[in-house]
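Trainee: Pasting the sequence and the predicted coordinates here, then a few questions.
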Amino acid sequence: MGHAFPINPHIMIPIGILTMAVTVLFFRLRATKKPTSAKKILIPPLGMSTGFLMFLYPPTHIPLWWAGLAFLAGMVFLSTPLIKTSQLEIKNNQVYLKHSRAFVLVLVVLLIIRFSLHNYIEQHISIFQTAALFFILAFGMILPWRLVMYYKYRKLMKQLHTDISSS
């Protein structure tokens, strides 16, 4: 009979967050080499929205005002630097995500802030409630960021179609 290793959430959660951050950086750097599309911009928040199913599990329940504050904090403080460092450009009659060193720096700073907040908050509420809060914080960050990117994308596509039809 094999021995089961207990999973320590205090170790696994930071490893999970770090893995996700490295994955985001990897995909972001790859994304600048290929044209983008509305689908590539909108699928991440749609896919992430399935995470709201966690709230079917009662230990993740948090007061509504906590959720509102977490969403607002993500929207105001975390999405703003991502929006400012995510630029799109037209190259070869297609829309590309512009490579930005500032974006990588912003992601690293956001990761550090998130780790610090996570460790502090986790001391005061359950690990499940902490996960719920940080999910909502992240969703509050990604949704406005991707909606602004989609708006910029549509604007560039309109410009591209106007330029093509006028030539």
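Mentor: Okay, I see it.
Trainee: The protein: helices as residue ranges?
Mentor: Applying DSSP state H to the chain gives helices spanning 9-31, 38-48, 64-73, 79-85, 101-122, 127-166.
Trainee: okay, and for this protein, where does confidence drop off?
Mentor: Applying pLDDT under 70 to the chain flags residues 1-6, 9-10, 13, 28, 167.
Trainee: Report the central residue of this structure.
Mentor: Central residue of the chain (Cα atoms, centre = their mean): Ile142, 4.1 Å from the mean position.
Trainee: got the end-to-end distance for stretch 80-99?
Mentor: This stretch, stretch 80-99, spans 18 Å end to end (Cα to Cα, to the nearest Å).
Trainee: which residues sit against that stretch?
Mentor: 28-29, 31-32, 34-37, 100, 102-103, 106-107, 109-110, 141, 144-145, 148-149, 152-153, 156-157, 159-160, 164 (Cβ atoms under 8 Å, 6 or more residues apart in numbering). C-beta here means a position set from N, CA and C on the backbone, and glycine is covered the same way.
Trainee: and those, which are buried?
Mentor: Burial by neighbour count, 16 or more other Cβ atoms under 10 Å: within these this picks out 28, 36, 103, 106-107, 110, 141, 144-145, 148-149, 152-153, 156-157.
Trainee: Could you identify the most distant pair in the residues you listed?
Mentor: For the buried ones among the contacts of stretch 80-99, the maximum inter-member distance is 28.5 Å, found between Leu110 and Met157 (Cβ to Cβ).
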